[in-house]
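Trainee: Here is my input, please return the structure:
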Amino acid sequence: MKEKTKTKIIRNDEKGIQKTRFFVQSLFAALCIWIGVEFFFFIQYLETNGASAFYSRPPGVDGFLPISSFMSFYHFLMTGEIHSAHPAGFFIFLSIILMSLVFGKSFCSWLCPIGFISELVGDFGEKIFKRRLKLPKFLDYPLRSLKYLMLGFLIYSVIFLMSGLALKAFLDSPYNMVSDVKMYYFFADISQTALIIIAVLFVLSILIRNFWCRFLCPYGALLGITSLLSPNKIQRVAKSCIDCGLCNKACPSFIKVDSVKTVWSDECTSCLNCVDVCPVKDTLELKTILPNKFKISKRVVAIGVITIFMAVTGFGMVTGYWQNDISNTEYLMHYKLMNSYGHPTGTKEIKKLNEEVKKEQTLPETLINEAHNGKN
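Mentor: Next comes the predicted model:
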């Protein structure tokens, strides 16, 4: 093995960003809790058939409807129309995609409340076991493919299997209108099976850090793919690297940072843990992969993530596309009928929906033609 030329080591004295990241995560988690509290009071209004004090539905709850938001986003790409049922979800989804295109999979480590909880649970597990446990490769790789299989099924169902008319019919459906209310009751009246699954995931997250995020989250899979298009990557200067391995130990995604010059990984969340622990100045940094390769400071990442989220969602607010157009009367009506609403759960049901929508579309045309022929 060729020995490195000895160079003078300059200690990295740059301030870490992890306390700032924790503060940002905590603020966003508090925001999510506040949205949850507001939504709880809105549910109370529905449960009493409007007798209790009125609390308006918080639009931010749309952020907890990733599938509906993805469908709204695709609908926008097809038609240029922002669907009115959950418009806030569209802007939240758009902001997250833009984040990943600029700063990689940064939403997962800077804003995502599930990612934040996973980190706390992972820290708890490391305190118990005094080490970071990792699955062997023959288990890790197949399990990591699960989130991509789920993402693939979603993309296949929405983009390739569902027609444009069927997509709009689903977004217009009463089920989609009250999908946030149905989601609330999934957790408020949680079944024993769902509770067991959540408990198992919690235990597995103690044993294996970020178990849900690493193996099962289709949202993370999508952001991992889009993050590969980001021009900003963590880069290592091999000449000044002292092969201490601290970056590997700090990486929550088990990326072997010390063996690459540029981190090209769908698992990198731009948490910057590896950059913080690098002991040598200007050796591990976030830089653009453009010809000039200029450095991006850690503070810029923090400000940038927050700015993108606030700018995109703020644009939705000021342009009047934040609140949905479902009236309180409609909500009260749909609430009473909510348990009778369903949605396609497989490819056969999606094909059936396509056929039903096509028949409904052709029926008026048939009647018009028959009326026209009758006159003649």
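Trainee: mind listing the strands for the chain?
Mentor: Taking DSSP state E as the test, the strands found in the chain are 232-236, 284-288.
Trainee: Out of those strands, which gets nearest to Leu165?
Mentor: Within the strands of the chain, the stretch nearest Leu165 is strand 232-236; the backing value is 39.6 Å (Cβ to Cβ). To be clear about C-beta, it is placed using only N, CA and C from the backbone, and glycine gets the same treatment.
Trainee: Report the inter-axis angle for the closest one versus strand 284-288.
Mentor: The directions of strand 232-236 and strand 284-288 differ by 140 degrees, with axes from the mean of the first three to the mean of the last three Cα atoms, to 10 degrees as the criterion.
Trainee: and strand 232-236, what does it pack onto?
Mentor: strand 284-288 (3 or more Cβ pairs under 8 Å, 6 or more residues apart in numbering; DSSP states H and E).
Trainee: In JSON lines: the strands of the chain, plus mean neighbour count and distance to Ile350.
Mentor: JSON lines is the format used below for these (neighbours: other Cβ atoms under 10 Å; distance: least, Cβ to Cβ, whole Å):
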{"stretch": "strand 232-236", "mean neighbour count": "22", "distance to Ile350": "38"}
{"stretch": "strand 284-288", "mean neighbour count": "20", "distance to Ile350": "41"}
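Trainee: can I get those in CSV with mean pLDDT and distance to Ser52?
Mentor: Below are those laid out as CSV (pLDDT from 0 to 100; distance: least, Cβ to Cβ, whole Å):
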stretch, mean pLDDT, distance to Ser52
strand 232-236, 96, 49
strand 284-288, 95, 50
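Trainee: Among these, which comes closest to Phe315?
Mentor: Smallest distance to Phe315 across the strands of the chain (Cβ to Cβ): 22.8 Å, for strand 232-236.
Trainee: what does the closest one rub up against?
Mentor: Here strand 232-236 makes contact (Cβ atoms under 8 Å, 6 or more residues apart in numbering) with 102-104, 247, 257-258, 260-264, 268, 270, 272, 274-275, 283-289, 293, 296.
Trainee: re the thing from before, so which of the strands of the chain gets nearest Leu201?
Mentor: strand 232-236 (28.7 Å).
Trainee: just the CA coordinates of the closest one, formatted as CSV?
Mentor: Output of strand 232-236 as CSV, limited to C-alpha atoms (Å, rounded to 0.1, in the frame of the first residue of the first chain):
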residue,chain,number,x,y,z
ASN,A,232,-24.1,19.6,-3.7
LYS,A,233,-22.3,16.7,-2.2
ILE,A,234,-20.0,15.9,0.7
GLN,A,235,-16.5,15.7,-0.6
ARG,A,236,-13.3,14.4,0.9
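Trainee: ok, back up a step: among the contacts of strand 232-236, which lie within helices?
Mentor: With helices taken from DSSP state H, the overlap with the contacts of strand 232-236 comprises Val102, Phe103, Cys247, Cys274, Val275.
Trainee: and the residues you listed as CSV, adding distance to Phe187, neighbour count and pLDDT?
Mentor: Formatted as CSV, these follow (distance: Cβ to Cβ, whole Å; neighbours: other Cβ atoms under 10 Å; pLDDT from 0 to 100):
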residue, distance to Phe187, neighbour count, pLDDT
Val102, 32, 20, 97
Phe103, 31, 24, 96
Cys247, 38, 25, 96
Cys274, 35, 23, 97
Val275, 37, 24, 96
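Trainee: Could you export those to CSV, including columns for distance to Leu207?
Mentor: Formatted as CSV, those follow (distance: Cβ to Cβ, whole Å):
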residue, distance to Leu207
Val102, 34
Phe103, 30
Cys247, 23
Cys274, 23
Val275, 27
